[in-house]
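> pasting the sequence and the predicted coordinates here, then a few questions.
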Amino acid sequence: MTQSKAYLVLFSMMLISVFSMGGIALPYPILAPLFIDYPASDFNQFAGMDRKLLLAFALSAYPLGALIGSAFIGALSDVYGRKFTLSASLALSGLSYVLSALALLWEWYLLFLLARFVTGIFSGNISIARAIAADLHPIIDKTRSFSWTYAAGYVGWFIGPLAGGYLMLLGAYSAFFVAAATLVLSSVLTLLLITETSVPSKRKGSFVKVLFSQNSLGLLRKSFMLKVFAIALVINLGLNAFYEFYPVWLVERFQFTSIDIGHYTALLTFCMVLASSLLLEFIRNRLGKIATISLSLVLAGLLMVSSAELNENQLIVYFVLMGILIALFNGLLPVFMSDRYEQFGQGKLMGLLTITFYLANALMAIIGGIISLLGAHWSLVVGGFILIFGAAFLLIFDRNNSFDEAKLKL
């Protein structure tokens, strides 16, 4: 592949990332107010349960589905090709958003849980986008392709919550219909713009056989990959404590509306875009990957621990700094892992890392939901300590040569 062709693929992937992540992020500022701040209904008072617990279950359904999808969607792209697998999963994800919208219209809480679970299964395709970014190496530096792909995804997260906050005025279901449309559009754009970046396997076998034999979880048979999995899981537990519960914290502590949450989420993601596209390579070149990841984890953790003492006047600085720090460790961790273990297949590897994100998302939705009964800020405080522990975990394993490439020969 020529350099110009590689950059065309990268820019096309970035465009698709904007649409697909924007579609996923559209409902993001909606759920917390819908359960906590809206008038009582069959939906937010299902079975007489506490609203925060209903919200916790709703938050966990999506990552539980994505956890399953991530185990095989990235690996399937190694077998059937990135382009076909990505396009199909985007279209099916869009259709499941339609089901979510209908559940809200009909006020069927259990149907909403099912729809969010199914949406999550097909949203495991984020691992394919990362695999495409890795495939372009060495024509395009891997840090650059990853950071630009992440930056494009952050643009989607920037636009999506703003749109979701305002669409809430038309009814919560409207955001899900719009999300469905953007994901279907992303599926079409994938077919039109993306060039296949991998060589599909010629030995496919039946789909069921491929599903069970070629999946990311198979990597865990190797002991050193369990260490990779554990480190990524800890880091993502802390990250998801922030992602999932800062909207609840903003509603509970500052009485924010969906539009207010959308504005601060837009600020967060705007800073993530700038840091990922402009700062990531510069800081990595000065400090190195491990030092940058560890330092940004510690600083982000300390910020989260301070959440209990913040006032509204400090929120802008808080979200600016969190956006920069998240972009640094979130962008470099998959680069580090991809450089070390690319021989196992980028689809499988990115799928495994995506599994850790969604497993952490599901676990933190439940754990954080229970902790939030004491106050939403405590979920952030606990998440902050987890990020600090994750930094120490990474440094200890690296210092003890736990990621020693020589082990790959064993």
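Great, that's in hand.

> every contact and neighbour count from this point should use C-alpha atoms.
OK.

> neighbours of L34, how many?
Neighbours of L34 under the rule other CA atoms under 10 Å: 18.

> so which helix or strand takes in it?
helix 31-36 (DSSP states H and E).

> give me the helices and strands touching the helix or strand just after that helix, please.
Using DSSP H and E, the helix or strand that follows helix 31-36 in sequence is helix 51-80. Contacting helix 51-80 under the criterion 3 or more CA pairs under 8 Å, 6 or more residues apart in numbering; DSSP states H and E are the following elements: helix 31-36, helix 82-106, helix 109-122, helix 126-135, helix 207-213, helix 346-371.

> go with 7 Å
For helix 51-80, the helices and strands in contact under the criterion 3 or more CA pairs under 7 Å, 6 or more residues apart in numbering; DSSP states H and E are helix 31-36, helix 109-122, helix 126-135, helix 346-371.

> residue ranges with poor pLDDT in the stretch 151-300 of the chain?
By pLDDT under 70, the low-scoring segments of the stretch 151-300 of the chain are 196-216.

> would you map the helices across it?
172-193, 207-213, 223-254, 258-274, 280-287, 289-305 (DSSP state H, counting those that start in this stretch).

> and these as JSON lines, adding mean neighbour count?
Below are those laid out as JSON lines (neighbours: other CA atoms under 10 Å):
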{"stretch": "helix 172-193", "mean neighbour count": "22"}
{"stretch": "helix 207-213", "mean neighbour count": "13"}
{"stretch": "helix 223-254", "mean neighbour count": "21"}
{"stretch": "helix 258-274", "mean neighbour count": "24"}
{"stretch": "helix 280-287", "mean neighbour count": "15"}
{"stretch": "helix 289-305", "mean neighbour count": "22"}
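
> out of those helices, nearest to L90?
In terms of CA to CA, the element of the helices of the stretch 151-300 of the chain nearest to L90 is helix 172-193, at 5.2 Å.

> tell me the gap between the closest one and the middle of its chain.
18 Å (CA atoms, centre = their mean, to the nearest Å).

> measure how that helix sits relative to helix 82-106, angle-wise.
170 degrees (axes from the mean of the first three to the mean of the last three CA atoms, to 10 degrees).

> check contacts around the most centrally placed residue in the chain.
Geometric centre of the chain, nearest residue: F357, 6.5 Å, by CA atoms, centre = their mean. If you count contacts by CA atoms under 7 Å, 6 or more residues apart in numbering, F357 has them with L233, N236.

> that older thread, any chance of the helices and strands packed on helix 51-80 in TSV, plus distance to G69 and mean pLDDT?
Converted to TSV, the helices and strands packed on helix 51-80 look like this (distance: least, CA to CA, whole Å; pLDDT from 0 to 100):
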stretch	distance to G69	mean pLDDT
helix 31-36	23	76
helix 109-122	4	88
helix 126-135	10	74
helix 346-371	8	79
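
> out of those, nearest to L280?
Distance to L280, taken as CA to CA, is lowest for helix 126-135 among the helices and strands packed on helix 51-80, at 15.6 Å.

> how far out from the middle of the chain is the closest one?
13 Å.

> and stretch 324-336, by the same measure?
In terms of CA atoms, centre = their mean, the centre of stretch 324-336 is found 12 Å from the chain centre.

> same check, this time on stretch 7-22
How far stretch 7-22 lies from its chain's middle: 16 Å, per CA atoms, centre = their mean.
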